[in-house]
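Asker: what shape does this take:
(chains A and B, ligands or ions: 1)
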Amino acid sequence: MESYEKLVKIGEGTYGTVYKAVNHDTGEIVALKKVRIDDENEGIPSFALREICLLKELKHKNIVMLYDVIHGNKELMIVFEYCDQDLKRYCDACQGKIDPSIVQSFTNQLLQGLAYCHSHHILHRDITPQNILVTGNGDIKLADFGLARNFGIPVKSFSAEVVTLWYRSPDVLLGATLYDTSIDIWSTGCIFAELSNGGQPLLPGKDVADQLKIIFKIFGTPNEQIWPGVSQLMKDKDYPSYNAMSILHVVPNLNQLGCDLFQLMMVLDPSKRCTAEQALQHAYFKGVSEGYT
Amino acid sequence: MAANFWKSSHYSQWVLDRQEILAGREEDLSYLSEDEIFKIHMFFANFIRHLGDLLKLRQQVIATAIVYFKRFYSRNSLKSIAPLLLAPTCILLASKAEECGIINTGRFINACTNVVKQKYSSYFGSDYPYKMPVILECEFFLLELLDCSLIVFHPYRPLLQFVEDFEKKDALLPCAWRAINDSYNTDICLMYPPYIIALACLHTACIIQSIDCTQWFAELSVDLDLLFEVTRQIVALYELLKTYEESAEMKSLLDKIALPKGGRYDGKLMK
Ligand SMILES: Nc1ncnc2c1ncn2[C@@H]1O[C@H](COP(=O)(O)OP(=O)(O)OP(=O)(O)O)[C@@H](O)[C@H]1O
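Answerer: Below you'll find the predicted structure:
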């Protein structure tokens, strides 16, 4: 069995700690996710198992590679390819200014990873800057598939508590329990805007009600005309009626094509939101570069 | 993930040919015949079904568990881990991989005990001999041996599509569906892509119900020789089941694979 030596702690997730480590047999640097097996009776936690078996199927340059799984005493080590940092830390280090070509490249890579997941009938369900990794070469890798789902078999009620609040789509916020790939597109649109605004989160709500209010303030309060069926979702509460803001105020640093793509991704009605495949075909990505070139 | 079988680990790592399977069973073949190995596998596939039914698991989860079981013993001797321990472990792992909610430990062990009591006491006495910590240790060996390939494709969904073309679909579907269920008694699920198995089961159903399907199959762009090979295996299974008396033979077969007293169940894998 290969022997890994932990070097430093690089992250703390809800179900484990992530370390930078070195494989002594090969000298390779890897990321080790240590999952505690608290409940001795449960065995391998099911979210860890989901992540392992989905990543086993997903082999793509924009999805973090699974190398190995090691059983320890009361813990499970999942070995991943190492990436320098997550997108949140990357943005923090940029101090409010991210080059438009990087915004374009990162968004493009993110969509490529996502299109690949979706073509495998897998929803990520938790696209946030913490779960997107950036390598030293400027490659983007999707990580943390602990919440991801296979939507091959129709599942009636997904749990509604998916996706960190700021990146959660309006349909999920309104309590929709049947959703699809469009929820990942909304999250990606939020990140697209965040990158273009130099790392400033687009929709930093405090709670579900506040989150919806911020969304409606920017994109307008939805009605039956633009989103058939929404009145049913909104029937329990009163929402102030806002008109959509000019997109130029929302993503001022995006060029016209970028603004157009952003709007296609942020359609309130999930059935009208563009798909990852469609987004990748958009003229905004013409001449996009991979990584820092 | 139906659309992407061709990119899956199932396709790239786990469609085995007969030679590979025989090579993996070399040790067992030194004291069992091929036919005896097949009978032991069928016995435990049924054990998995009974346990899955008791736990109210979906057909697909049960099928996945049987595939894990067969994959494991395509690379390990039946003496490396007792099948009576591995069979429930396969159910446990499949239930996690197929997202059907967590099975409470107490309920799980109870179900194991009840299955043994109700259906298998003549073979195993009245108690299920393994405790949860042992099953959980085994769960990890299984995950490792499967090389984390837990997503398994099954013929059920392709069948639902193919059967749409048939006028007598209401009669054909249950019969073909049953043929798929029965096919898990054999090594078919280790050897062929699910859509071929689905077609073969449909073919078998047509034969059983004397429905003329020559034209429909002739128009398919699939390897018909391969397909008919699978059909033959299913038909052969049905022939065998007509006269097979499991209870007469199984006891002595189970004795043959019994672990030596005091031997570690995982001795081979710990190497
Ligand atoms: N392969 C990797 N390379 C470098 N850093 C990583 C890697 N994987 C994870 N990290 C870091 O560790 C952090 C936590 O990882 P991850 O999100 O996978 O854990 P988690 O327990 O699922 O967390 P949560 O579900 O709360 O987001 C990430 O935000 C990231 O900063």
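Asker: what count of nearby residues applies to the residue in the stretch 151-271 of chain B positioned nearest to chain A?
Answerer: Of all residues in the stretch 151-271 of chain B, the one sitting closest to chain A is residue B:151 (5.5 Å; CB to the nearest CB). The way it works is simple: take the backbone N, C-alpha and C, and place the C-beta from them, glycine included. Look at residue B:151: counted by other CB atoms under 10 Å in any protein chain shown, it has 21 neighbours.
Asker: distance of it relative to residue B:64?
Answerer: 9 Å (CB to CB, to the nearest Å).
Asker: please apply the same query to residue A:136.
Answerer: Using CB to CB, residue A:136 is found at 39 Å from residue B:64.
Asker: and what of residue B:49?
Answerer: From residue B:49 over to residue B:64 (counting by CB to CB), the distance is 12 Å.
Asker: skipping adjacent residues, who's closest to residue 120 in space?
Answerer: The chain I'm using is chain A. Spatial nearest neighbour of residue A:120, chain neighbours left out: residue B:4 (5.1 Å); criterion: CB to CB, 6 or more residues apart in numbering or on different chains.
Asker: that's the wrong chain, I wanted chain B
Answerer: Excluding its sequence neighbours, the residue lying closest to residue B:120 (CB to CB, 6+ apart) is residue B:47, at 6.9 Å.
Asker: wait, isn't that neighbour in contact with residue B:123?
Answerer: No - in this structure residue B:47 lies outside contact range of residue B:123 using CB atoms under 8 Å: 9.6 Å.
Asker: specify which residue of the two has the higher count of neighbours.
Answerer: Comparing residue B:47 with residue B:123 by other CB under 10 Å, the one with more neighbours is residue B:47, at 24 against 15.
Asker: for that one, list the residues it contacts.
Answerer: Taking CB atoms under 8 Å, 6 or more residues apart in numbering or on different chains, we find residue B:47 in contact with B:84, B:87, B:115, B:120.
Asker: out of these, which are inside helices?
Answerer: In helices, judged by DSSP state H, the following of the contacts of residue B:47 are found: B:84, B:87, B:115.
Asker: so who does the last one touch?
Answerer: Same thing as residue B:115. Listed by CB under 8 Å, 6+ apart, the contact set of residue B:115 reads B:47, B:50-51, B:54, B:128.
Asker: just the element for the residue nearest to residue B:120, please.
Answerer: Using DSSP states H and E, residue B:47 sits in helix B:34-54.
Asker: and the helix or strand just after that helix, what's buried?
Answerer: Next helix or strand after helix B:34-54 toward the C-terminus (DSSP H and E): helix B:59-75. Neighbour-count burial for helix B:59-75, counted by 16 or more other CB atoms under 10 Å in any protein chain shown, picks out B:60-75.
Asker: from these, pick the one nearest chain A.
Answerer: residue B:60 (7.5 Å).
Asker: how about the closest residue to that closest one other than its chain neighbours, secondary structure?
Answerer: Of all residues not flanking residue B:60 in the chain, residue B:154 sits nearest, at 6.0 Å (CB to CB, 6+ apart). Assigned by DSSP: H, G, I helix; E, B strand; the rest coil, the conformation of residue B:154 is coil.
Asker: ok, residue B:154 - contacts?
Answerer: Applying CB under 8 Å, 6+ apart, one finds that residue B:154 lies in contact with B:60, B:63-64, B:180, B:194.
Asker: rerun at 6 Å
Answerer: By CB atoms under 6 Å, 6 or more residues apart in numbering or on different chains, the contact list for residue B:154 reads B:60, B:63, B:194.
Asker: out of the residues you listed, which is nearest to residue A:143?
Answerer: Distance to residue A:143, by CB to CB, is smallest for residue B:60 among the contacts of residue B:154, at 28.2 Å.
Asker: give me the pLDDT value at that closest one.
Answerer: With respect to pLDDT, residue B:60 scores 92.
Asker: measure residue A:91 to residue A:197 for me?
Answerer: To residue A:197, residue A:91 is 10 Å away according to CB to CB.
Asker: ugh, wrong one, residue B:10
Answerer: For residue B:10, the distance to residue A:197 (CB to CB) stands at 43 Å.
Asker: show me which of the two is the more surrounded one.
Answerer: Neighbours were counted for residue B:10 and for residue A:197 using other CB under 10 Å; residue B:10 has more, 23 against 20.
Asker: thinking again about what came up before, the residue of the stretch 151-271 of chain B closest to chain A against residue A:53, yeah?
Answerer: Yes - using CB atoms under 6 Å, residue B:151 makes contact with residue A:53 at a distance of 5.5 Å.
Asker: okay, now residue B:144: neighbour count?
Answerer: So residue B:144, with other CB under 10 Å, has 14 neighbours.
Asker: ranges for the helices of chain A?
Answerer: A:46-57, A:87-94, A:100-119, A:170-173, A:182-196, A:208-219, A:230-234, A:247-250, A:256-265, A:276-281.
Asker: kindly compare burial across the ones you listed and name the winner.
Answerer: helix A:182-196 (a mean of 26; mean count of other CB atoms under 10 Å in any protein chain shown).
Asker: now the nearest residue to residue B:36 once chain neighbours are set aside: which helix or strand?
Answerer: Distances taken as CB to CB, 6+ apart put residue B:253 closest to residue B:36, at 5.6 Å, once the chain neighbours are dropped. In the assignment (DSSP H and E), residue B:253 maps to helix B:246-257.
Asker: contact partners for residue A:63?
Answerer: A:113, A:142 are the contacts of residue A:63 under CB under 6 Å, 6+ apart.
Asker: ugh, typo on my part, it should be residue A:9
Answerer: Residues in contact with residue A:9 (CB under 6 Å, 6+ apart) are residue A:19.
Asker: can you tell me how far it sits from the ligand?
Answerer: 9 Å (CB to the nearest ligand atom, to the nearest Å).
Asker: again with residue A:248
Answerer: On the measure of CB to the nearest ligand atom, residue A:248 and the ligand end up 32 Å apart.
Asker: what sits against that residue?
Answerer: Not one residue lies near residue A:248 by CB under 6 Å, 6+ apart.
Asker: where does residue B:211 land in three-state SS?
Answerer: Recorded secondary structure, residue B:211: coil (three-state DSSP).
Asker: skip the chain neighbours and tell me the closest residue to it.
Answerer: residue B:168 (5.7 Å).
Asker: which residues touch the spatially most central residue of chain B?
Answerer: The residue lying closest to the centre of chain B (CA atoms, centre = their mean) is residue B:66, at 3.2 Å. For residue B:66, the contacting residues are B:45, B:48, B:184, by CB under 6 Å, 6+ apart.
Asker: could you do residue B:208 as well?
Answerer: Residue B:208 makes contacts with residue B:175, as judged by CB under 6 Å, 6+ apart.
Asker: ok, now residue B:249?
Answerer: By CB under 6 Å, 6+ apart, the contact set of residue B:249 is empty.
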